[in-house]
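1. test case, fold it:
(one chain, ligands or ions: 1)
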Amino acid sequence: MKKRLRILGNIVIILAITIVSILNYRELRSKLIQSNENYLANITSFFDRALSHNIEKSGSNDDFATIDENEESSQTEITDQRSTENSNVTQELLEQTIGLTFETFNVLTSDLRITVMDETGKVLADSNFPGDKLNNHRARPEVWGVISGEESHSNVRFSNTESVERLYFSARSTHDNMIVRAAVLMDFLSNAASTITLSGFIIGVATLVLFNLVLHLLFKKQDKHQADLEKVLIKLESGDLSARMEEDRNTFANYRKFAENFNQTVTNFEHDFNEMQAGRAWLEEMVNSLMEPLVVVNNDLQVVFANKYAKTLFNRDIDPIENPYPFVLLTHEDKLDDLCQQVLNNGKTVRKEFKLQVTGRYNAFQVMLSPIDVDHVVVLFNDISAEYEARELRSSFVANVTHELKTPLTSIRGFVETLRNRNNTAPEQVNNFLEIIDIEAARLERLINDILRLSDIERLNNDSEMEDFDLVELLDECLVQLDDQASEKQINLIPSDDPTFLPVKANRDRIKQVLLNLLENAIKYHRKKGNIWIDLKRKGRFVTIKVKDDGYGFDEQSAKRVFERFYRVDKSRSRMLGGTGLGLSIVKHIALLYDGEASVKSIPDKGSTFKVMLKI
Ligand code: ADP
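-> Down below sits the predicted model:
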């Protein structure tokens, strides 16, 4: 583009120079012609005066006058005849005068031609040719002009006689029967004009070439700077902030200043950028180290940032900074998208609980959505699964307790009502009813005691009333206590022979509760005739109590739940046997209180093995 402009500019300038040169040439030529006309006018006038002088000097003025008179009065043929008659004198005189004129003017120009004609155009003498060899010149414009009455007439034309171009100037002589014509070569004039014009043209073109050269050098510098700038910009664009422009000392001051300013700006930017990067890295590190999932969602409801924990928890490896993905793909919860939109619309922080699917399970989260700016929302997921579970457990416990309490109470009230309304009830019937009321009341009492026991254990971090005692002895005590129950069902209680003495330090009643609950269950959930094996073992700081029976047993699904509050494998059997559904739950919580655990292995109709580990 720039090159094309330059070429076009050069063409226009050359055209302008050419036009100016042509105009100049024409102007110069016409000026030269004009000045040469004056010069020729001087020559003719000089010739006239020289002729007068020569005539006077030669004393043949009269003869000359005679010629004039004769010529004035005669017919054309006669005049020609007379002229020829006087031609010897006249010719000589004329040639003398021409010679004199030449002597005077030849200093200036050697190509001068002087022609003397009579008033008819007949050549009397010529400086370059013998007069008689030339034809009548009346047809020549410069001659005809004078013949037709003008004082003088000039003309530029091609001479057929000489085959050259000349400027002719004819003037009437004071000797009025003669016409004097002086001529100079035009090529001299033209050459002069051409030389001057050509010089001008050459100077113009040379100036143009010089100008172009300067321009080229300037553009070369500019192009170099531009290329340098482009290279630096490309590097900066690709992230290389170390790129700088060359600060050339030998270049123009404004370029150098520009490069210095540019480099300073980039240096400042690099510094700010590095600081920002460091800040960002720090912030990212901080956000990533958060043990709570955090994501940023844009106004297209796409995740544009997720911290490390969010990626792990929601099982999403994709980096949303490079590949944003829909928020709903992370949470699988449309309502969270709606909340996001709501926060984006009104710019207010919102908190709400959600159960969200995370790697293979559902967790409860307190989700907080806060606007960062008009286009982004930061979403923080606070995992409240434990709290949520406890809450759920509490409310289901309350519901269960209510239900468990209601059943015996309803039964008691029902029988009391019956007794009150039936006055004539048989005494055996009354006793029967009172018996049932007593059983239900005992069940109520057991239930309340178990609930109190459980809440008592749950409240504690460490057990109270610790004492040293022999666990084998405690087991014997329990076996004696349950002997009747076991004998009734023909069940053998078989404690292991080893150890015979196992000293422990714990709350004796609490450990007795564990043994009684396990043994009572083993007897209760057993058909008639069978065995129960009891094994006590110390392993390091832990003591393991193992109670194995060959009773009803239960499946794997129930095995996972038997330690839950109020869970019963067979509800009606448990109720019938006076169970509260809290016995195993109490065992588990006592184990937890002693940094241990409770577990079970059971096979339906084959029996169960309960194992409790206690740090006692
Ligand atoms: P419950 O008061 O009903 O006995 P537990 O918490 O002690 O409550 O036991 C929970 C349930 O586990 C029982 O209802 C019973 O179905 C089952 N279970 C406990 N021990 C045994 C066992 N040794 N054999 C078979 N089932 C048992």
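2. I'd like the distance between Val205 and Asn298.
-> 67 Å (C-beta to C-beta, to the nearest Å). All C-beta atoms are positioned from the backbone trio N, CA, C, and that covers glycine.
3. how about Arg351, nearest residue that isn't a chain neighbour?
-> With C-beta to C-beta, 6 or more residues apart in numbering as the criterion, Arg351 has its nearest non-adjacent residue at 4.9 Å, and that residue is Met368.
4. next, count neighbours for Asn461.
-> Using other C-beta atoms under 10 Å, Asn461 has 5 other residues around it.
5. shouldn't it be within a helix?
-> No: under DSSP: H, G, I helix; E, B strand; the rest coil, Asn461 falls outside any helix and is assigned coil.
6. measure it to Glu467 for me?
-> 19 Å.
7. phi and psi next, for Lys355.
-> phi -100, psi 120 (degrees, to the nearest 10).
8. so who does it touch?
-> Applying C-beta atoms under 8 Å, 6 or more residues apart in numbering, we find Lys355 in contact with Tyr362, Asn363, Ala364, Phe365, Tyr388.
9. burial measure for the nearest residue to the third one once chain neighbours are set aside, as a count.
-> Spelled out, it's Ala364. In this structure, Ala364 finds its nearest non-sequential neighbour in Tyr388, 3.5 Å apart by C-beta to C-beta, 6+ apart. For Tyr388, the count of nearby residues is 16 (other C-beta under 10 Å).
10. close to the ligand: what parts of the chain are there?
-> 517, 521-522, 525, 549, 551-554, 562, 567-570, 574, 579-585, 608 (C-beta under 6 Å from any ligand atom).
11. so how do I select the buried members of the residues you listed in PyMOL?
-> Per 16 or more other C-beta atoms under 10 Å, the buried members of those correspond to this PyMOL selection:
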select buried, resi 517+521+522+525+549+551+552+553+554+562+567+568+569+574+579+580+581+582+583+584+585+608
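12. so, low pLDDT: which residues of the chain?
-> 1-2, 59-90, 106-110, 131, 176, 188-189 (pLDDT under 70).
13. re earlier: buried subset of the contacts of Lys355?
-> If we count by 16+ other C-beta under 10 Å, these have these buried: Asn363, Ala364, Phe365, Tyr388.
14. from those residues, which land in helices?
-> Tyr388 (DSSP state H).
15. which one of the buried ones among the contacts of Lys355 is nearest to Asp187?
-> Phe365 (109.8 Å; C-beta to C-beta).
16. from Asp126, how far out is that closest one?
-> For Phe365, the distance to Asp126 equals 129 Å [C-beta to C-beta].
17. what's near enough to touch Leu409?
-> With C-beta under 8 Å, 6+ apart, Leu409 has these contacts: Glu440, Leu444.
18. what kind of secondary structure is Ile98 in?
-> Here Ile98 is recorded as helix under three-state DSSP.
19. quick check, Leu28 in contact with Thr195.
-> No: between Leu28 and Thr195 there is no contact under C-beta atoms under 8 Å: 9.8 Å.
20. okay, the two: which has more neighbours?
-> Leu28 (20 against 11).
21. how distant is the helix or strand hosting that one from the center of its chain?
-> Here Leu28, judged by DSSP states H and E, is contained in helix 2-58. On the basis of C-alpha atoms, centre = their mean, to the nearest Å, helix 2-58 sits 71 Å off its chain's mean C-alpha point.
22. with stretch 104-122 instead?
-> The answer for stretch 104-122 is 91 Å, by C-alpha atoms, centre = their mean.
23. again with stretch 113-126
-> That offset, for stretch 113-126, works out to 96 Å (C-alpha atoms, centre = their mean).
24. dump it to PDB, keeping only the CA atoms.
-> Output of stretch 113-126 as PDB, limited to C-alpha atoms (Å, rounded to 0.1, in the frame of the first residue of the first chain):
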ATOM      1  CA  ARG A 113      21.800  35.900 -41.800                       C
ATOM      2  CA  ILE A 114      20.900  39.200 -43.300                       C
ATOM      3  CA  THR A 115      18.900  39.600 -46.400                       C
ATOM      4  CA  VAL A 116      18.100  42.900 -48.200                       C
ATOM      5  CA  MET A 117      15.100  43.000 -50.500                       C
ATOM      6  CA  ASP A 118      13.400  45.700 -52.400                       C
ATOM      7  CA  GLU A 119       9.800  46.500 -51.600                       C
ATOM      8  CA  THR A 120       8.600  43.800 -53.900                       C
ATOM      9  CA  GLY A 121      10.500  41.100 -52.100                       C
ATOM     10  CA  LYS A 122      13.200  40.700 -54.600                       C
ATOM     11  CA  VAL A 123      16.500  39.800 -52.900                       C
ATOM     12  CA  LEU A 124      19.100  42.500 -53.400                       C
ATOM     13  CA  ALA A 125      21.700  41.000 -51.200                       C
ATOM     14  CA  ASP A 126      22.100  38.100 -48.700                       C
END
